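S.K.: What follows is a predicted protein model with its sequence.
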Amino acid sequence: MMTQLVFATNNSHKIQEINAILNGAFRIVGLQDIGCTEELPETQATLEGNALQKARYVQEHYGFDCFSEDTGLEIAALNGAPGVITARYAGEARDPEANMHLVLEQLQGTTDRRAQFRTVIALLHNGQEHLFEGIVTGRIAYEKNGTGGFGYDPIFIPNGYEETFAALPAAVKNDISHRALATRQLIAFLRK
């Protein structure tokens, strides 16, 4: 069994979240831990494509088996947007506040708030590629609420809850999130 996993990201929030979900099952190291400081390419048209592209880049340039993920917020009333450009929805600055503001502005006057978060994890291991997907459905709030989490968490309310991801305790979010669902599939695969 693999005890250390390279997570192809420099996003400290994602590393913390994955470590909390893994609960010590594996040791996660990020890109900085392997000396990778450059921005990984994300030029594909799908979450699956971006996740594979980032993992392949790390394997080709640094020689590590690794996993990468790409996550998209898909909003029904916006025809699935922001989708694959979730982090850059309001521009290349990747500003979460600007992204949330744009979504709330675009949904103004809309009662259809249905949305889903979708995470795709790509694992490159022993010369093979594997994909794992996690989806959590919910709705977009009418205003921001909560101070936890990151990204769009202050405006996303998962089904079955009345609070946004940002207002829920981190342990709850890390149990029900899109990233948690995909990560559990990854763990189950690695434990086979």
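M.R.: Structure received. Residues are numbered from 1 along each chain as shown.
S.K.: In this structure, where's the longest helix?
M.R.: helix 47-62 (DSSP state H).
S.K.: for this protein, what spans make up the helices?
M.R.: 12-22, 47-62, 96-106, 170-176, 178-191.
S.K.: Take those and write them to a markdown table, including mean neighbour count and mean pLDDT.
M.R.: (Each C-beta comes from the backbone N, C-alpha and C, glycine too.) Below are the helices of the chain laid out as a markdown table (neighbours: other C-beta atoms under 10 Å; pLDDT from 0 to 100):
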| stretch | mean neighbour count | mean pLDDT |
| --- | --- | --- |
| helix 12-22 | 17 | 84 |
| helix 47-62 | 19 | 96 |
| helix 96-106 | 16 | 97 |
| helix 170-176 | 17 | 92 |
| helix 178-191 | 18 | 91 |
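S.K.: how about CSV for these, with distance to Ala77 added?
M.R.: Below are the helices of the chain laid out as CSV (distance: least, C-beta to C-beta, whole Å):
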stretch, distance to Ala77
helix 12-22, 27
helix 47-62, 20
helix 96-106, 8
helix 170-176, 23
helix 178-191, 19
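S.K.: Out of those helices, flag the one nearest Gly151.
M.R.: helix 96-106 (5.4 Å; C-beta to C-beta).
S.K.: Give me the contacts around that closest one.
M.R.: Helix 96-106 is contacted from outside by 73, 75, 78, 82, 86-87, 89-91, 140, 142-144, 150-152, 154-155, using C-beta atoms under 8 Å, 6 or more residues apart in numbering.
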